[in-house]
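Novice: Next input, structure requested:
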Amino acid sequence: MTHNAMTRNGMTLPELLVAVAVLGLLASLGCISGSETLARQRLEGASRHLGLGIELARAAALRRNAACGLSLETEGWGPPRQGSLPACLPGLEPLQDSGLGDGGLQLLHNLPADLRFSSNGLVLDGGTVVLTARGTSLRRCLVMALPLGVVRIGRYQSAPSEPLNSGACLPDPSL
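Specialist: Residues are numbered from 1 along each chain as shown. Have a look, this model is predicted:
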């Protein structure tokens, strides 16, 4: 079979190898982009759950007309670890949805062991929370100030080695 006969019937071996290499490269770029997107989605969801836990606790304190408390654990909002305050939430309020796997979510905060809410829903403690996820460089933050609660959720812009600072939690127009 001559060279002309091979090209009329299909691709030559070098052409086929180039096509496979290009397809492999495109597929790997799609996987990398997809994993970054998934990591960002996990992080955004966890940020929303942070704010949701606080709002649920405030609503519980108002509904009961009694003070209550929460503690922030790696998995999510839980009952108070110390003190005599009743729990604002009946169980664990997770930071990420169950179908997302562990996601490499990391949590840093300078909140007290128990976050307290007054009977009228005011926050009696404040601090900064920073969330990161494996697979993305984005760092989300939440700042709580007294007595109103969540001041902002934004993008954290400080070196990982520096102490947490509410001033480094900057507004993010993408939120």
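Novice: Could you give the bridge partners of Leu107?
Specialist: As for beta bridges, Leu107 partners with Leu131 under DSSP bridges.
Novice: Going by secondary structure, the most centrally placed residue in the chain is in what exactly?
Specialist: The chain has Leu43 as the residue nearest its centroid, 2.3 Å off, counting by CA atoms, centre = their mean. Using DSSP states H and E, Leu43 maps to helix 13-64.
Novice: same question, Thr136
Specialist: Counting by DSSP H and E, no helix or strand carries Thr136.
Novice: right, and it touches Ala46 too?
Specialist: No. Thr136 lies out of contact with Ala46 (CB atoms under 8 Å); the separation is 11.8 Å. Every C-beta, even on glycine, is put in place using the N, C-alpha and C of the backbone.
Novice: between those two, which one's more packed in?
Specialist: Ala46 (22 against 19; other CB atoms under 10 Å).
Novice: Does the more buried one touch Leu105 like I think?
Specialist: Yes. Using CB under 8 Å, Ala46 and Leu105 qualify as a contacting pair, with a distance of 5.7 Å.
Novice: hang on, the earlier thing: quick check: angle from the helix or strand immediately after the helix holding Leu43 in the chain to helix 13-64?
Specialist: Using DSSP H and E, the helix or strand that follows helix 13-64 in sequence is strand 68-72. Computed by axes from the mean of the first three to the mean of the last three CA atoms, to 10 degrees, the angle separating strand 68-72 from helix 13-64 equals 160 degrees.
Novice: can you dump the C-alpha coordinates of strand 68-72 into CSV?
Specialist: Below are the C-alpha coordinates for strand 68-72, written out as CSV (Å, rounded to 0.1, in the frame of the first residue of the first chain):
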residue,chain,number,x,y,z
CYS,A,68,-27.9,30.4,74.0
GLY,A,69,-24.4,29.4,72.7
LEU,A,70,-22.5,27.8,69.8
SER,A,71,-19.0,26.5,69.3
LEU,A,72,-17.2,26.4,66.0
